[in-house]
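Undergrad: mind folding the following:
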Amino acid sequence: MRSNFEHCMEMLLEHEGGYVDHPDDPGGETNHGVTRAVYEQHVGRQVMDGEMKSLVQEDVYPIYEEEYWNRAHCDELPSGVDWAVFDWAVNSGVSRSARALQEIVGAEPDGHIGPMTIQAVHDMLPEDVVVKMHSTRQEFYEGLSTFDTFGRGWSRRNDETLEAALEMTE
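TA: Prediction:
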């Protein structure tokens, strides 16, 4: 739901934190969850050294709205489902989150949420979709080679997303 974007952004930014450049993170240098590559694509140029450290939350809002919220059609998803899809899209890519949603609701898993997927989502109880997104996401995380390094944080984030998404469906 469109009215949920601001609320979802608040929760997302709590998950994403500030500046990080962990050597084992394949995303590399990030700030407020936005990778250097994504930010460079957004601004249309290479960023200078140190520029990522100076990003503020207002710099990343348009990126999250355009590249994740809108691409995942979160405005058209039920409350709670929008948050579950959005958070996973940010963490692992829109296509992965979309394919998981599509498999859960029985739509063609092509990684692009369209009218048939949206209808299939609305044909299910939002709580059921949210719970299945959580378990599918956890299985995905546990299958990654970097789970030993990042798994505890990913699992916590997934659990927090589930809790908040279920509250939103009420």
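Undergrad: if I pick Q46, what's in contact with it?
TA: When contacts are counted by Cβ atoms under 8 Å, 6 or more residues apart in numbering, Q46 touches E40. Just so you know, the C-beta spots here come from the backbone N, C-alpha and C atoms, and that holds for glycine as well.
Undergrad: scratch that, N31
TA: By Cβ under 8 Å, 6+ apart, N31 lies in contact with G18, Y19, V20, Y39, M52, K53, L55, V60.
Undergrad: P23 is in what secondary structure piece?
TA: Using DSSP states H and E, P23 maps to neither a helix nor a strand.
Undergrad: so what pLDDT did it get?
TA: On the pLDDT scale, P23 is placed at 78.
Undergrad: S3 now?
TA: For S3, pLDDT reads 79.
Undergrad: over to E16?
TA: At E16, pLDDT is 84.
Undergrad: just the one 3 residues further on next, same as before
TA: With respect to pLDDT, Y19 has a value of 90.
Undergrad: am I right that L144 falls within a strand?
TA: No - L144: not assigned to a strand; according to DSSP: H, G, I helix; E, B strand; the rest coil it is coil.
Undergrad: quick one: contacts for it?
TA: F150, G151.
Undergrad: separation between E65 and E6?
TA: 10 Å (Cβ to Cβ, to the nearest Å).
Undergrad: neighbour count: those two, which is higher?
TA: E65 (14 against 9; other Cβ atoms under 10 Å).
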